[in-house]
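**Q** The following comprises the amino acid sequence and a computationally predicted model.
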Amino acid sequence: MGYVAVKGGAAAIENAEKFSLVRRAGGASALLKPEQILEQLHFAVDRVMGEGSLYAPNLAALAFKQAAGDTFEAAFILRSYRTTLPRLGPSEPIGTEGMRVIRRISAAFKDIPGGQILGPTPDYTLRLLNFDLQDESPSRTRQQIRQLFQDTQRLDPLPERFPKVVEMLRDGFIEDLTWKYLIWFYNQVQTVFVPSRGVQRDLEDRGVAPDKIRIFTSEAHADIAPFRTSGGGDPPAPSELNYRLRRGAI
């Protein structure tokens, strides 16, 4: 869709911005404070920070108020503010093994070690309007929160850390399965090219026939010269050589 520039001058633009205040705060209800947005509309604040690429909850709440609830516009405001900040340095990687989480869901592993932690979310309930929120009582809501925390004290506490599933699979199952397939594959081909004697010894120890293993040297480079591209590029990688060996090309 094309865009046609709007004519009218600076005065029209300034008036359009001024009248946006009427749309945001021209009603009879009390004005929202950024603290209320930060505490009660935390999902909107998180979305603004994510789209704006800046972790600043207070500023994200302020931008959300300025944009009258438009998270897309609020993200633009926060991103514009981010461009005025000095770049102090790159972020350091964080070891997530010891991170305490409030939500942990795995779609791939039903019985994930540590259990599925649903966390505070309405994802698993019916999307029905709660008309009780129309006349929500602050005192009653705080009483419900206190009762909730009292009930959770009787439950089993969360574990101190949640191990990564990938690490647990890497410790045994996946690695063993991968090596079994590789050993079977290498024993089916005529020649297996390796980059060094250390790799050769490792494959021999794992069960690859020694007469099949060949170190990729200059003599091997001469043997595969007919299979180089017409542009004279680099020789094929060992994985490509194994594929050609299986096809009987070498």
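**A** Arrived safely, thanks for sending.
**Q** Any idea which residue is closest to the centre of the protein?
**A** G50 (11.5 Å; C-alpha atoms, centre = their mean).
**Q** Outline the domain layout of this structure.
**A** According to automatic domain parsing, the chain comprises the domains 31-84, 105-152, 169-246.
**Q** which stretches of this structure have low pLDDT?
**A** Along the chain, the parts satisfying pLDDT under 70 run over 1-8, 153-156, 168-173, 217-250.
**Q** Could I get the full set of helices for it?
**A** Counting by DSSP state H, the chain has helices at residues 9-25, 34-40, 42-52, 57-66, 71-82, 138-152, 165-170, 173-188, 197-206, 218-223, 238-246.
**Q** how about the ones you listed, which one is nearest T121?
**A** helix 42-52 (9.9 Å; C-beta to C-beta). Quick note: C-beta positions are derived from backbone N, CA and C, even for glycine.
**Q** returning to what we had before: please work out which of the helices of the chain is packed deepest.
**A** helix 57-66 (a mean of 22; mean count of other C-beta atoms under 10 Å).
**Q** Mind giving me the packing neighbours of it?
**A** helix 34-40, helix 42-52, helix 71-82 (3 or more C-beta pairs under 8 Å, 6 or more residues apart in numbering; DSSP states H and E).
**Q** try 10 Å this time
**A** On a contact count with 3 or more C-beta pairs under 10 Å, 6 or more residues apart in numbering; DSSP states H and E, helix 57-66 meets helix 9-25, helix 34-40, helix 42-52, helix 71-82.
**Q** okay if I get the ones you listed as CSV plus distance to Y124?
**A** As requested, the helices and strands packed on helix 57-66 are exported to CSV (distance: least, C-beta to C-beta, whole Å):
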stretch, distance to Y124
helix 9-25, 35
helix 34-40, 22
helix 42-52, 16
helix 71-82, 24
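**Q** For A107, which of these is the nearest?
**A** From these, taking C-beta to C-beta, the stretch that ends up closest is helix 42-52, at 21.0 Å.
**Q** Output the closest one as CSV - backbone C-alpha positions only.
**A** Extracted as CSV, the C-alpha positions of helix 42-52 are listed here (Å, rounded to 0.1, in the frame of the first residue of the first chain):
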residue,chain,number,x,y,z
HIS,A,42,3.0,-6.7,33.6
PHE,A,43,2.4,-8.7,30.5
ALA,A,44,2.0,-5.5,28.5
VAL,A,45,5.2,-4.1,30.1
ASP,A,46,7.1,-7.2,29.2
ARG,A,47,5.9,-7.0,25.6
VAL,A,48,7.0,-3.4,25.3
MET,A,49,10.4,-4.2,26.7
GLY,A,50,10.7,-7.2,24.4
GLU,A,51,9.7,-5.2,21.3
GLY,A,52,11.7,-2.2,22.4
